[in-house]
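1. Predicted model, plus sequence, below.
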Amino acid sequence: MKIYDDKHIKNIVLLGAPKSGKTLLAEDMLFEAGIIHRRGTIEGKNTVSDYHEIEQERGNSVFATVLHTEWRDYKINVIDTPGFDDFAGEMIASLRVADTCVVTINAQHGVEVGTELIWNYVRQYNKPVIFAINQADHPKADFDSSLTSLKERYGHAVTQMQYPVNQGESFNSIIDLLKMVMYKFPAGGGKPEKLPIPDSEKEKANQLHNELVEKAAENDEKLMEKYFEKGTLDEDEMREGLKLGMVHHDVFPVFVMSAKKNMGTGRMMGFIDNVAPSPNDAKPERTTSGKELAFDRSQPAVLFIFKTHLEPNLGKLSYFKVISGEVTATSELINSQTHAVERFHQLFIMDGKTRNPIDRLVAGDIGATLKLKDTYTNQTLRAKEFDVTIDPIVFPEPRMKTALVAKSKNDDEKIGEVLSKIHQEDPTLEVAFSKELKQLIISSQGELHLTVCKWFLENVYKLHVDFISPRISYRETIRKPFNSSYRHKKQSGGAGQFGEVHLKIEPYYEGMPEPKDFSIRGKEVIDLEWGGRLVFYNCIVGGVIDTRFMPSILKGVMEKMEEGPITGSYVRDVRVMVYDGKMHPVDSNDISFKIAGMMAFKDAFMKAEPQLLEPICDLEIRVPEEIMGDVMGDLQTRRALIMGIDTNGNLQVIKARAPLAELDKYSTSLRSLSQGRASFSQRIADFAPVPFDLQQKLAKVAAEAELVSV
């Protein structure tokens, strides 16, 4: 297989809202380049990129899939990504290693909520963009409306390269404004005729061509001078100007096509070859030291692992981009993070599940290898003499938490091991056992993300599980002071146990004055792991309790604070004054005073008007204006407080606060309410008192579930 240098490599990522045609566009690109000789379909479950069983079952992409084409002396690496935001990790990892984004636009809908979500990631990485208005053959296709929506949302940089002569079911001709020709396709699609622009289209085409010339010229002073001298630019000069515009994000070229009917894809591929930036045009990679690393074949080898996939019966497949130097099928590199030595035995160019062996890959190229021992996504492999680490991908925070329960207790140990493997593949799916909630918690991007996780557990690993609502991380505190005492006395043969503790507890707040009723002999301020504070005072006078027993009393108080008396939740924002007690010269010991301190604290807490606090989330919901009323109405049923409404492009942004307890499966509800056109983010911002009737109900549930110790 031919080795391409970095100037003849183009790395593109296909992004777009669900059902905008990314997978069929990828299929058509491979067909145009002769990599495949028959195009698959979504309905036929035989496309190159959607080869996983779950993708074929669902009829949509779940994973980012790496493909390649060789087109007119250029190699185009293509990464087809899922459209649903639940799989944002796949999109972001692909964006990171691509040099150009091709954003597919459904010609029926123009800019959609899914487009907006993707644009946030594109803007984050600041990559050059091509818009592909796809499905121009659909009966409801509206190119002009789609183009208008792009210009309204993304501004002056949106640059028209083509337009359809006709669209809808009769779509078969495209006017190309760079080459100033008409491409007319045969009825079933395929190779077009290159024809003169019809007289009926000349005026419109000339006007748009002149606008394109101006757009190309304004990106470079020399080109602008040529434009003023000649009144125009030739095709090569226009390409140069458009390329500069793309690199600086001043030009977002717009193409039109029907990937399903093989119309227009080849022309866009030609543009990618001739105009889209190659790796050596791209910004250098940043390293963890803050320095930049250019794509330079003459430097020592550095690879960045952007994706890990565990293939049943095959092992771990690691996808990488060569940042500098070159890698061969026999390379030996160092993992910058773990310092493990990794020896390569095979090197591949991927087309879905097809592995094409190759001897070496150079800076800027994308490839894969099998069975790296100790290297995973986001890690750097480097030559021994070149100590460098590429900045890792920053994945989005989880938006949804779910508790997982195995249907068979025999599977408990195996589930942890399997979930660890799934996390290696998908860093946006996090797994941890919550000591606080006493549950195994999976944190994900949404309901669909969880559905895919469950599918893998049951179909690949044969583990049957239930997803249940996680317990809520409540907090407990008090509303008034209270004094209490407890005597712990236990007598059996030999030495017994004895400890008596008198203490006062009261609510703590920042800046409160020191206690005036007691003589303070010692003070300890403890910032609690779960938020809030405990302030502990030694107010013992006359040595009624030895100082050596105070840490044991504090330990008893802390143990009860880790399992609050109302619901078993963590206690916060309390101060404790130990002011009296008794001890025995023989029977008093640490365990006696620990128990006495714990029980005195518990008794005082239950009589100090205990208050349950619930986590309150800040919500930011992005929604089209026409369904904003429905979304706000739903929020009111969730005890939410609307904090404000902003505008972001053609979306309304609702800012609200709502209890976490009311947001279980909110992503599913919002998707249903908005037909998938809204999105949201949430984060825990504060804790607030639970209504009294709800507190009583929760305390009863906790007691019945034995979450509270007696």
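-> Now that the structure is in, tell me what you want to look at. Numbering: from 1, shown residues only.

2. So, low pLDDT: which residues of the stretch 201-350 of the chain?
-> Under the criterion pLDDT under 70, no range of the stretch 201-350 of the chain is flagged.

3. All the helices of it, in order from the start?
-> Under the criterion DSSP state H, counting those that start in this stretch, helices of the stretch 201-350 of the chain are mapped to 221-230, 235-247, 265-274.

4. Export the longest one to PDB, keeping only CA atoms.
-> What it means is helix 235-247. These are the backbone C-alpha positions of helix 235-247, laid out as PDB (Å, rounded to 0.1, in the frame of the first residue of the first chain):
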ATOM      1  CA  GLU A 235      -9.000  28.800 -10.100                       C
ATOM      2  CA  ASP A 236      -5.600  28.100  -8.500                       C
ATOM      3  CA  GLU A 237      -5.500  31.600  -6.900                       C
ATOM      4  CA  MET A 238      -9.000  31.100  -5.600                       C
ATOM      5  CA  ARG A 239      -8.000  27.700  -4.100                       C
ATOM      6  CA  GLU A 240      -5.100  29.400  -2.300                       C
ATOM      7  CA  GLY A 241      -7.300  32.100  -0.900                       C
ATOM      8  CA  LEU A 242     -10.000  29.700   0.200                       C
ATOM      9  CA  LYS A 243      -7.500  27.500   1.900                       C
ATOM     10  CA  LEU A 244      -6.100  30.400   3.900                       C
ATOM     11  CA  GLY A 245      -9.700  31.400   4.800                       C
ATOM     12  CA  MET A 246     -10.400  27.900   6.000                       C
ATOM     13  CA  VAL A 247      -7.300  27.700   8.200                       C
END
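
5. Run the chain-centre distance for that helix.
-> 33 Å (CA atoms, centre = their mean, to the nearest Å).

6. got the contact list for it?
-> 100, 128-130, 157, 159, 178-179, 212-213, 215-220, 223, 226, 233, 251-253, 274-277, 281-282 (CB atoms under 8 Å, 6 or more residues apart in numbering). The C-beta positions use only the backbone N, C-alpha and C, and glycine is treated the same way.

7. Could you list the buried residues of the helix or strand of the chain with the lowest mean pLDDT?
-> Every helix and strand of the chain was ranked by mean pLDDT, DSSP states H and E. The lowest is helix 666-674, at a mean of 86. Buried residues in helix 666-674, counted by 16 or more other CB atoms under 10 Å: 666-667, 670-671, 673-674.

8. Summarise which helices and strands it is packed against.
-> Helices and strands touching helix 666-674, by 3 or more CB pairs under 8 Å, 6 or more residues apart in numbering; DSSP states H and E, are helix 447-459, strand 610-624, helix 628-636, strand 679-689.

9. change it to 10 Å
-> Packing partners of helix 666-674 (3 or more CB pairs under 10 Å, 6 or more residues apart in numbering; DSSP states H and E): strand 400-406, helix 447-459, strand 610-624, helix 628-636, strand 679-689.

10. Leaving out the residues flanking it, which one is nearest to the spatially most central residue of the chain?
-> With distances taken as CA atoms, centre = their mean, P396 lies nearest the centre of the chain, 3.3 Å away. Distances taken as CB to CB, 6 or more residues apart in numbering put A88 closest to P396, at 5.3 Å, once the chain neighbours are dropped.

11. pLDDT value on G493, please?
-> At G493, the model reports a pLDDT of 67.

12. hang on, T287 packs against D391?
-> Yes - in this structure, T287 is within contact of D391 by CB atoms under 10 Å, at 6.3 Å.

13. Overlap of the contact sets of those two?
-> Common neighbours of T287 and D391, using CB atoms under 10 Å, 6 or more residues apart in numbering, are 293, 380.

14. circling back: and the buried residues of helix 666-674 as a markdown table, adding distance to C617?
-> A markdown table is the format used below for the buried residues of helix 666-674 (distance: CB to CB, whole Å):
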| residue | distance to C617 |
| --- | --- |
| Y666 | 9 |
| S667 | 13 |
| L670 | 14 |
| R671 | 18 |
| L673 | 18 |
| S674 | 19 |
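
15. Closest one of these to F171?
-> S674 (30.2 Å; CB to CB).

16. Return the residues in contact with the closest one.
-> Counting by CB under 10 Å, 6+ apart, S674 makes contact with 113, 621-624, 626-628, 630-631, 634, 680.

17. Now do the contacts for A432.
-> Each residue near A432 by CB under 10 Å, 6+ apart is listed here: 401, 419, 423, 439-443.

18. roughly how far apart are I540 and G522?
-> 9 Å (CB to CB, to the nearest Å).

19. more neighbours, the two?
-> I540 (24 against 12; other CB atoms under 10 Å).

20. Does the more buried one touch K582 like I think?
-> No - with contact defined as CB under 10 Å, I540 does not reach K582; the gap is 11.0 Å.

21. looking at the helices of the stretch 201-350 of the chain, which is closest to P551?
-> Of the helices of the stretch 201-350 of the chain, nearest to P551 by CB to CB is helix 235-247, at 64.1 Å.

22. who does I478 bridge with?
-> P610 (DSSP bridges).

23. in the stretch 1-150 of the chain, which spans are strands?
-> Ranges of strands within the stretch 1-150 of the chain are 9-16, 65-71, 74-80, 100-106, 129-134, based on DSSP state E, counting those that start in this stretch.

24. List the neighbouring strands of the shortest one plus their orientation.
-> When you say that, I think you mean strand 129-134. Checking strand 129-134 against DSSP bridges gives partners strand 100-106 (parallel), strand 252-256 (parallel).

25. With that, I have no additional questions.
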